[in-house]
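Visitor: coordinates for the following, if possible.
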Amino acid sequence: MRLQSAIFDMDGTLLDSMFIWNDLGARTLRTLGIEPEANLGEKLKVLTVRQGAAYCKDAYHMTQSVDEIVGLIEAQVEDFYTHQVQAKAGVVKFLSLLKMEGVWMYVATATDRHLAEAALRCAGIDGYFRGILTCQEVGQGKDSPEIFERCMRRLRSNKKDTVIFEDALHAIETAKAAGFRVCGVYDDSAREDQEAIRRIADYYITSFEEMFETNVPE
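Guide: Numbering: from 1, shown residues only. Below you'll find the model as predicted:
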């Protein structure tokens, strides 16, 4: 895998963090002494945070306002990113190798900046990156390649010399359609998409530890 610059997704790629989103509604309800239904995560995963808060208020007859519930949810996320989140296996070693090789790196994430900064700091990997760019700052999600294009320009690179590391199928599809090289990274939250990710991505790893076996950058 030849590269001069790298763009990394954060949640599910660099960080073992997707489970917090999948379990966020249940965690929030339990802090209030409410036992959630078994399939709550499935119902909430297609909703925004505010929509999910509204659903919980109605379904569980909560006395809190939607704004108060959103605040509780955000507090759960912030506590996790600030004090608990960890880098995925092999990430620190791989980032160290890339830095030693002179590879410039950027983070492209859908997570808000203050949370992303806290998460990277908590995981001990904030010092490896030239910067962070969020979907909120770009004004578009990863169904648009704009966030990857901007990161590439900030890295003063080009698509031939850049590899994007992503765990989400829709983001991989976007990057490939825009002409980027992509390394698909396994995350359990996207296990049902792995066959498609393997087919679409230029490279595929189940763990960054594999990079020290066959895919060390040249």
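Visitor: partners of the most centrally placed residue in the chain in the sheet?
Guide: Nearest residue to the geometric centre of the chain (CA atoms, centre = their mean): residue 11, 2.2 Å. Per DSSP bridges, the residues bridged to residue 11 are residue 15.
Visitor: residues in contact with it?
Guide: Contact analysis of residue 11 by CB atoms under 8 Å, 6 or more residues apart in numbering lists 17, 18, 21, 109, 110, 111, 167. C-beta coordinates here come from the backbone N, C-alpha and C atoms, glycine included.
Visitor: and of those residues, the nearest to residue 44?
Guide: When those are compared for distance to residue 44 (CB to CB), residue 21 wins out at 9.1 Å.
Visitor: quick one, helices of this structure?
Guide: 18-22, 24-31, 40-44, 49-59, 66-83, 91-100, 113-122, 135-138, 146-154, 169-177, 194-200 (DSSP state H).
Visitor: so which of these gets nearest residue 209?
Guide: Across these, residue 209 has its closest neighbour in helix 91-100 (7.7 Å, CB to CB).
Visitor: so what does that closest one touch, helix or strand wise?
Guide: Applying 3 or more CB pairs under 8 Å, 6 or more residues apart in numbering; DSSP states H and E, we find helix 91-100 packed against strand 104-109.
Visitor: quick one: average pLDDT of the strand it packs on?
Guide: Strand 104-109 comes out with an average pLDDT of 97.
Visitor: now do the buried residues in that strand.
Guide: Using 16 or more other CB atoms under 10 Å as the test for burial, strand 104-109 gives 104, 105, 106, 107, 108, 109.
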